[in-house]
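Colleague: structure of the sequence below:
(chains A, B, C, D and E)
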Amino acid sequence: MKISDKFSKNLNEIAEIAGIRRISKTSEKIGLPPGTLLHVGEQKVEKTIIRMIDYDQNELREIEVDTIDQCQQYKDSPTVTWIEVYGLHDISIIEQLGKVFEIHPLVLEDILNTGQRPKFEEYENHLYITLKNLLYDEESESIKSEQISIVTGSGFVISFHEINSNLFESVRNRIRNSKLRIRKRDVDYLVYALFDTVVDHYFGVLENLGETLEELDSILLQKPRQEHLQTISNLKKCFIVIRKSVWPLQEIINNILNEEYTLINESTLLYFRDIRDHIHQIIDALETYREAASNAVDAYLSVLSIKMNEIMKVLTIAATIFMPLTFIVGIYGMNFKFMPELEWRWGYFTILGVIFGLMILMVIYFRRKKWL
Amino acid sequence: MKISDKFSKNLNEIAEIAGIRRISKTSEKIGLPPGTLLHVGEQKVEKTIIRMIDYDQNELREIEVDTIDQCQQYKDSPTVTWIEVYGLHDISIIEQLGKVFEIHPLVLEDILNTGQRPKFEEYENHLYITLKNLLYDEESESIKSEQISIVTGSGFVISFHEINSNLFESVRNRIRNSKLRIRKRDVDYLVYALFDTVVDHYFGVLENLGETLEELDSILLQKPRQEHLQTISNLKKCFIVIRKSVWPLQEIINNILNEEYTLINESTLLYFRDIRDHIHQIIDALETYREAASNAVDAYLSVLSIKMNEIMKVLTIAATIFMPLTFIVGIYGMNFKFMPELEWRWGYFTILGVIFGLMILMVIYFRRKKWL
Amino acid sequence: MKISDKFSKNLNEIAEIAGIRRISKTSEKIGLPPGTLLHVGEQKVEKTIIRMIDYDQNELREIEVDTIDQCQQYKDSPTVTWIEVYGLHDISIIEQLGKVFEIHPLVLEDILNTGQRPKFEEYENHLYITLKNLLYDEESESIKSEQISIVTGSGFVISFHEINSNLFESVRNRIRNSKLRIRKRDVDYLVYALFDTVVDHYFGVLENLGETLEELDSILLQKPRQEHLQTISNLKKCFIVIRKSVWPLQEIINNILNEEYTLINESTLLYFRDIRDHIHQIIDALETYREAASNAVDAYLSVLSIKMNEIMKVLTIAATIFMPLTFIVGIYGMNFKFMPELEWRWGYFTILGVIFGLMILMVIYFRRKKWL
Amino acid sequence: MKISDKFSKNLNEIAEIAGIRRISKTSEKIGLPPGTLLHVGEQKVEKTIIRMIDYDQNELREIEVDTIDQCQQYKDSPTVTWIEVYGLHDISIIEQLGKVFEIHPLVLEDILNTGQRPKFEEYENHLYITLKNLLYDEESESIKSEQISIVTGSGFVISFHEINSNLFESVRNRIRNSKLRIRKRDVDYLVYALFDTVVDHYFGVLENLGETLEELDSILLQKPRQEHLQTISNLKKCFIVIRKSVWPLQEIINNILNEEYTLINESTLLYFRDIRDHIHQIIDALETYREAASNAVDAYLSVLSIKMNEIMKVLTIAATIFMPLTFIVGIYGMNFKFMPELEWRWGYFTILGVIFGLMILMVIYFRRKKWL
Amino acid sequence: MKISDKFSKNLNEIAEIAGIRRISKTSEKIGLPPGTLLHVGEQKVEKTIIRMIDYDQNELREIEVDTIDQCQQYKDSPTVTWIEVYGLHDISIIEQLGKVFEIHPLVLEDILNTGQRPKFEEYENHLYITLKNLLYDEESESIKSEQISIVTGSGFVISFHEINSNLFESVRNRIRNSKLRIRKRDVDYLVYALFDTVVDHYFGVLENLGETLEELDSILLQKPRQEHLQTISNLKKCFIVIRKSVWPLQEIINNILNEEYTLINESTLLYFRDIRDHIHQIIDALETYREAASNAVDAYLSVLSIKMNEIMKVLTIAATIFMPLTFIVGIYGMNFKFMPELEWRWGYFTILGVIFGLMILMVIYFRRKKWL
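Modeller: Model prediction:
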């Protein structure tokens, strides 16, 4: 069935985000020495694509990279070098990049394992950030997530993507415009721009969910059906998925703001402070939506209780009035030979009178009980 | 339908306060470089109005400002200059003000984006406070919010409003009275007066909600209808909206009280401490109302359960007594040729006796079960 | 109706304690400059009464004060001067006291505004404590509260009361006994004694509530009625009111214990530590009672569900057995000319057999389903 | 009734543990000066019994003390003197002990007031610990508690008990065995041993409750009755009582471990750390049991809902099938003179056909709706 | 019955993990002096097996140990000595090991008591870690746990197991491969490897539970039965068991990361940081699953409410339509001599008309009420 399909998709996603599902695909990995590279996650693109932008205030070079060696020369240049890697299944490429840019083996392992919790780690020569890019699939009412890893060292930023999305197209466009601030600043500003783009993207996802929630909210008050409750249940799962992706960002951003990292300039911190505000807003909105979803269901169930009560009253009134009356007319439907009342001249009308008298009495009784 | 309209209004408001809705209006903005000014929010007034009051202990000037250049001269005077801007859609005015008073671009951006979370930020030359002014619209049972931004630097305070309310009329009146304390003090006291006015306003909103809650509380015990549960649901949403506006104020006020800002004098802190008390009271009241609302619904649903039980008892007693009896009289209503009982002289009266005997037995049984 | 009256009384009280209700009575006050004295609250006594006790280890004077000037001379004496003010509506008296004892205007304002949250504040020459005295009104099942303000400076303690209660009679008695410790100590010990008396009073209120709760707990298991659920709802509101009054006391007492105030001697802190223990006990008890109240309702509702299930079983069994049988006897009550069974010699007894057979089968079926 | 008796017993116990009940017995005490000794609690033994053990590594004396003066001489000896006082109603004995061992009056007051919250306090010459000994009374399904106070100073430990239990018999036995560690160590180890014995005792109580919970858990899935829900409610109350006794122990033990007390040697702290682990285990178990109890009830109520649904389906199917049919046969049971169908040759069989056709249609309908 | 068996198994496990059950087996132990060795737990293997691996970068020796004395010589060698003890019932072996490796008596006691909460303790010469190895038994839908204790000192690691599992086989294999990092590093890395293996194992358990949860989630939306709710209840218990095992690990790992231990090298901390990430992921996943389980049940119960409402509507409509009609036809089934309608020519058809008129009216009424 379709509905339950949607459900499992969401639970799958939860499992993936929580980093649980990775095991089934690497059960052989349990107990393996750390440091063994292994792609944990689905292969989502056919071929790994590597793009490179190298820029400073005056110059700009964009290259579609074929072999990693091409990057070598840009690494040591004073310009900002931004390498985007789309597709993680080709381990040899990741390994080469690791070698060229001296990335710590544990970082490489984390990049390949797409079941990471968002985190920020400092290593000797570079900083490592993992984020989740989220997509709301309206069709299946579920959240898809993609892991984005950012490694930055002196003069270079490398971003690793699972799929070939154009999430960072806007950043590339800004770089292409030589008048914008991004061209005048160092790698830390580029990292900020990437981080900000990912976080800004969450607002769109939340808005989609918010619209669905609003629609449901109105429907639940009119003619709700079973599916609507299931959609709400799906929404709640989506909120869980987003929360798992956003909550750790607070820790990350506080870490960036409070610790002093040589790679991040004082003046860029003001921009990261802006990201912190956005993260707070997202978390606020999430909590609000979760509460609103719960309230909607609660209100609906209360309304259901009231309706049930009314239905039962109607039933009980009908039954309590007509069952005794039917019993009485049943008595005079009996075929006994000797039933004196049947012979009476006014028997029929007497009984009719008794019956309507009873009816009126019962209506009065129910009115007193405020059932009518 | 009307009711669901009210609902969506509230959810809209939640989305707006949480800063979510802004995206739909600026989807093109995602990924834009920070620093690009853009009004995010509805245009709520036709024309931007700018008022200026310039005062010290002895003198007072009130001007309706037409061009920003008029402000220039007051900026550098030793008097307190308070500029009120009503209407945010005219970006050029905001930009000019930014230039004249040297306001940081990120601040200007935040002023124009009405989906801000209340916050307090220190910049090199000025302090920036964003607050929410709340209005309870009894008609639609929803909270409307307006963003108020206050920028203060040496000798000047600028307040930005979305609509042309007269919320600050009382402050203006106090300034006009040359004997009052406000005339003797610096910009920090004016900021306090504005902040205090906004916070005091919340009490009125809460009182309106409290009255609605009280009414509902009594009704729920007597003859509740579906709408009342929906009104409670609406109230809960209002509480969420208010909480989102008030909660961050704690952080702001603690920040003001604990950090040392050159613009805020030690002696004014005593007054800000007063605001802190008010914020605590508002939060207390909010929690209390939320609890009271939940309790009211719970109590109501429990009462509903009891009533349901009683209704079912009546139904069951009626059915259990009359269905067997109707069955018995049905037997003797059959038209079989050979039914010996029908011929008996006392058959009818025997059966009547059996029936009433059964009736009494069942009444006794239900009494034993404490159903009667 | 009576019940809903009780409800609103409690919500009123909540609003008052939370400091919300004050607004309706002073809506004109919003935006007024701080420092304007105004009595916010009901006038609860006809005439303000002022009592004064002046004592040291050897001497004791008790005076009913008529004019504030009488107090002047005692203020500067080295003895402990305790002034009790009953009734707050006469603002001129409060103002005079403020002048004589140099009380900060913000304190005077807070004393007159009876919607204060309990708090403790240090000013240059005096300490200011606001407390709530609570009374359980068994009649209306609600908590009444009275605000008690204590101002203490070098050599004097002034307590402000809304009503002319004799809450502090026991303290007066102790002062009258020249052998007791209170006569040998300074104002800090008197403040302790007053504070302790207020807190000890809460135990009595809690005990009343506890007894009501116990009664309800037993009744809910036997023959509960709608009113009992409403009383529990009332109790819960009382718990909220008390919590709002007691919770801030923790902060106050920790403040007294941890900060160093010149007015409070080291040796008196041991006694304040005792108050802290009492506050902990009260909070513990409150939480416990709230939990117990919730548990009682939950247990009751569960029991109701079980009963409902049993009732429905009885109904269903009765209906499922007798409706088919009534249908069968209905068939043979039809008046068709040609109904061969009616003519059969043993038709009647065959049908009776069939009917009782069916009955037995259904009883067996229900037994299998464990419904019987 | 028996069940409600059990309930009130538990609530009584809660009140006592929370220190609330004490007031009813000492209402005259409110406002009394602190320092007036007064036994608050029931007299649980007839006569106060005082035992004394005085030991060091080599010697051991056990004495049943008659007059407090006997203790005087041991107090100043270098040996460890452990005095056990069973029964608190004889205030003069407590007072004498207080004088001989120089115990602070506030401590004496707390010892006599059996409504204490467990606490640990340092005084100039001694440390004071209050604990609760718990007993599960399976008969009334309630927890009984006894307050145990331990006062320790240089060279002596005094333990105060409400009843003459042999809780500490095992400690006495260990002391009697000269080879054990306890004989070689100072008073701090004795305090540890007493504390540990009390805490270990909780495990037994928890185990009893756990067994009852397990039994209930299985029963609730089979044939639950009202009493079982009440027993669960009782269990929950017991958990509350235990939590109130155990929770403050964390604070106590952390206090002992983190502060430095001259009376407690560094090497003994290792043993107190062991107690901390036990307290954590008890709190863990409590939470787990509470959750398990809630889950059991929830699962049971869900099962009840499913059953209710099934019952209602049966009822509805029976009624919906047989009520129209009974109506139809009722039509042909009417005695109108002119009813053409009655005269038809195949009227009876036609109607029978119609009836069974309807029956089959309705069965198909219910199957489609998945009710059958 | 089978189901309730499963339930008790889980509760048993909870009790065991919480360290409660140990008491029943050692009730005689209460009050015993600490330091008396006693195996608390079931004997799960027949014979204690001891394996030893002694290695450095160049050499490797694996020995099945018969007598503890064999270990003596390796203890003082500079190589890493890893001793695995399977089976804890043979106290003498544990005691000997304790003597040879100078393990603190309190540690030995904790190793033997399998009701430990996971913990980490530092002693003079060694570190002590207790962990829980978890196994999901799909058959009984319960979690089995095994306590694993790790003692490490300079040059040696001893791991104690309750059963002869091959959990650590993968670690042994890595040690056998002389090229791997583990051979080049000290005991701290071995401890990390063991710790990591245990934690990684939790992912597998969680995945099993997650799959069961997913299955249930789909079923609950289609044709749920009582058992499914019970399985969910079982799952919840499993989550509790796992949480109790995982939660304390946070404390342990933070302790290792934040304190400085001479036995743990700076460079190994990076690996322990990896474990911390895994623990966070597991806790995240646990919370997510618990929420998902609750949501699933809530959604299901809401759906049940909707269905119930629909069922009741059908019943009420059927009853309310047919009961009055049956009453009417009953009237004309009475056998009174004088019933004028019966004689009317069109009486029968009139009544039929009245009946169908009523029917149509009622259908219209129910449509208006939106019941049809």
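Colleague: what does the pLDDT read for A:L257?
Modeller: pLDDT recorded at A:L257 is 90.
Colleague: check which residues of the one helix or strand it maps to are buried.
Modeller: In this assignment (DSSP states H and E), A:L257 forms part of helix A:226-258. By 16 or more other C-beta atoms under 10 Å in any protein chain shown, the buried positions in helix A:226-258 come out as A:228-249, A:252-253, A:256. To be clear about C-beta, it is placed using only N, CA and C from the backbone, and glycine gets the same treatment.
Colleague: and for stretch A:352-366?
Modeller: Result for stretch A:352-366 [16+ other C-beta under 10 Å]: buried residues A:352, A:355, A:362, A:366.
Colleague: packing partners for the helix or strand that contains the third one?
Modeller: Of the helices and strands defined by DSSP H and E, A:M362 is found in helix A:347-368. Helix A:347-368 is packed against helix A:266-331, helix A:340-343, with contacts defined by 3 or more C-beta pairs under 8 Å, 6 or more residues apart in numbering or on different chains; DSSP states H and E.
Colleague: right, is the last one up against chain D?
Modeller: By that I understand helix A:340-343. No. Counting by C-beta under 8 Å from any C-beta of the partner chain, chain D has no neighbours in helix A:340-343; the shortest distance is 11.3 Å.
Colleague: gap between that helix and the chain center?
Modeller: 77 Å (C-alpha atoms, centre = their mean, to the nearest Å).
Colleague: touching it from outside, list them.
Modeller: Helix A:340-343 is contacted from outside by A:332, A:347, A:350-351, E:335-337, using C-beta atoms under 8 Å, 6 or more residues apart in numbering or on different chains.
Colleague: check the gap between the residue nearest to A:N58 when sequence neighbours are not counted and B:E95 for me.
Modeller: Among residues not flanking A:N58 along the chain, A:S178 sits closest, at 7.6 Å (C-beta to C-beta, 6 or more residues apart in numbering or on different chains). The spacing between A:S178 and B:E95, counted by C-beta to C-beta, to the nearest Å, is 23 Å.
Colleague: how about A:M359?
Modeller: A:M359 sits 80 Å away from B:E95, going by C-beta to C-beta.
Colleague: check A:S154 too.
Modeller: From A:S154 to B:E95 the distance is 37 Å (C-beta to C-beta).
Colleague: of these two, who's got more company?
Modeller: A count of neighbours by other C-beta atoms under 10 Å in any protein chain shown puts B:E95 above the other of A:S154 and B:E95, at 16 against 13.
Colleague: I'd like the mean pLDDT over the helix or strand in which the more buried one is found, please.
Modeller: Element membership of B:E95 [criterion: DSSP H and E] is helix B:91-100. The average pLDDT for helix B:91-100 rounds to 89.
Colleague: got it, and stretch A:359-372?
Modeller: For stretch A:359-372, mean pLDDT rounds to 88.
Colleague: again, but for stretch A:103-119
Modeller: pLDDT averaged over stretch A:103-119 gives 86.
Colleague: now the end-to-end length of that stretch.
Modeller: Using C-alpha to C-alpha, to the nearest Å, one end of stretch A:103-119 lies 16 Å from the other.
Colleague: likewise stretch A:325-343?
Modeller: 21 Å.
Colleague: which positions in it come out as buried?
Modeller: Applying 16+ other C-beta under 10 Å to stretch A:325-343 flags A:325-336, A:339, A:341-342 as buried.
Colleague: stretch A:56-72 too?
Modeller: Residues of stretch A:56-72 classed as buried by neighbour count (16+ other C-beta under 10 Å): A:65, A:68, A:71.
Colleague: so which strand or helix has the last one?
Modeller: Following DSSP H and E, the helix or strand that holds A:C71 is helix A:69-75.
Colleague: contact partners of that helix?
Modeller: By C-beta under 8 Å, 6+ apart, helix A:69-75 touches A:52, A:54, A:63, A:65, A:81, A:83, A:97, A:100-101, A:155-156.
Colleague: kindly report the residues of the stretch 251-372 of chain A close to chain D.
Modeller: So far as C-beta under 8 Å from any C-beta goes, the stretch 251-372 of chain A lies against chain D at A:G333.
Colleague: swap the cut-off to 6 Å and go again
Modeller: Contact residues, the stretch 251-372 of chain A versus chain D (C-beta under 6 Å from any C-beta of the partner chain): none.
Colleague: which residues of chain A score low on pLDDT?
Modeller: A:1-36, A:221-222, A:224 (pLDDT under 70).
Colleague: so which residue is dead centre in it?
Modeller: In chain A, the residue lying closest to the centroid (C-alpha atoms, centre = their mean) is A:C238, at 2.8 Å.
Colleague: OK, contacts around the residue lying closest to that residue once chain neighbours are set aside?
Modeller: Counting by C-beta to C-beta, 6+ apart, A:C238 lies nearest to A:I143, which is 4.8 Å off, once chain neighbours are set aside. Shown here is A:I143, whose contacts under the criterion C-beta atoms under 6 Å, 6 or more residues apart in numbering or on different chains are A:13, A:134, A:136, A:238, A:241.
Colleague: if we use 7 Å, what do you get?
Modeller: A:13, A:134-136, A:238, A:241-242 (C-beta atoms under 7 Å, 6 or more residues apart in numbering or on different chains).
Colleague: make TSV from these and add distance to A:L269 to it.
Modeller: Output for the contacts of A:I143, formatted as TSV (distance: C-beta to C-beta, whole Å):
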residue	distance to A:L269
A:E13	34
A:L134	26
A:L135	30
A:Y136	31
A:C238	32
A:V241	30
A:I242	26
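Colleague: give me the residue from chain A nearest chain C.
Modeller: Scanning chain A for proximity to chain C using C-beta to the nearest C-beta identifies A:G333 as nearest, at 6.9 Å.
Colleague: what's that residue sitting at in phi/psi?
Modeller: Backbone torsions for A:G333, taken as degrees, to the nearest 10, come to phi -90, psi 0.
Colleague: my read: it touches E:Y332, true?
Modeller: No. The pair A:G333 / E:Y332 is not scored as a contact, 9.2 Å apart, by C-beta atoms under 7 Å.
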